[in-house]
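Visitor: no sequence for this one, just the structure:
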């Protein structure tokens with residue numbers, strides 16, 4: 001599986017997105033990450049494995065603690081891909097806007113004679 005597919009696959013799960021959101025405020029132990037979820041530690045560890053394999057987090061051991069933290073470079077491929085298509089669609093919308101302005105019907109100008117007739121009526 002390519003890196004981009006792995007990244008988006010990891011981000012597809014709401015539990016994994018919640019773990020990433022928690023890690024955005026700083027490193028945490030596996031136990032701290034598991035705390036808000038109603039699941040076993042092995043289940044949380046499986047989610048952490050997916051995030052690690054996708055390059056979104058890194059895990060390291062400090063004494064008896066297993067700590068996790070975000071890996072900014074893991075988000076780079078996804079961010080670059082999204083940015084490419086953001087620019088693409090922005091250009092497409094700019095072109096559509098220009099086209100609509102070019103092809104919009106011109107407002108009809110009233111002649112002085114038509115204007116006088118309306119006032120008399």
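Guide: That came in fine, so what should we check first? A quick note: this is a predicted structure, and the numbers were derived from the prediction, not measured.
Visitor: distance of the spatially closest residue to residue 75 that is not a sequence neighbour from residue 32?
Guide: Once flanking residues are discounted, residue 75 sits nearest to residue 56: 6.6 Å by Cβ to Cβ, 6 or more residues apart in numbering. No exception for glycine: its C-beta is placed from N, CA and C like everyone else's. Going from residue 56 to residue 32 by Cβ to Cβ, to the nearest Å gives 17 Å.
Visitor: between these two, who's got more neighbours?
Guide: residue 56 (24 against 15; other Cβ atoms under 10 Å).
Visitor: wait, that one touches residue 71, no?
Guide: Yes: using Cβ atoms under 8 Å, residue 56 makes contact with residue 71 at a distance of 6.1 Å.
Visitor: so the residue nearest to residue 75 versus residue 105, what's the distance?
Guide: 52 Å.
Visitor: which strands or helices does the helix ranked longest in the chain pack on?
Guide: In the chain, assigned by DSSP state H, the helix with the most residues is helix 76-103. Identification of packing neighbours for helix 76-103 by 3 or more Cβ pairs under 8 Å, 6 or more residues apart in numbering; DSSP states H and E yields helix 3-11.
Visitor: what's the angle from whichever helix or strand comes after the helix it packs on to helix 3-11?
Guide: Following helix 3-11 in sequence order, the next helix or strand is helix 14-23 (DSSP states H and E). Helix 14-23 and helix 3-11 meet at an angle of 90 degrees, taking axes from the mean of the first three to the mean of the last three Cα atoms, to 10 degrees as the criterion.
Visitor: strand partners of the helix or strand just after helix 14-23, parallel vs antiparallel please.
Guide: The helix or strand immediately downstream of helix 14-23 is strand 28-29, counting by DSSP H and E. Strand 28-29 has its sheet partners listed here by DSSP bridges as strand 65-70 (antiparallel).
Visitor: give the buried residues for the partner strand.
Guide: 67-68, 70 (16 or more other Cβ atoms under 10 Å).
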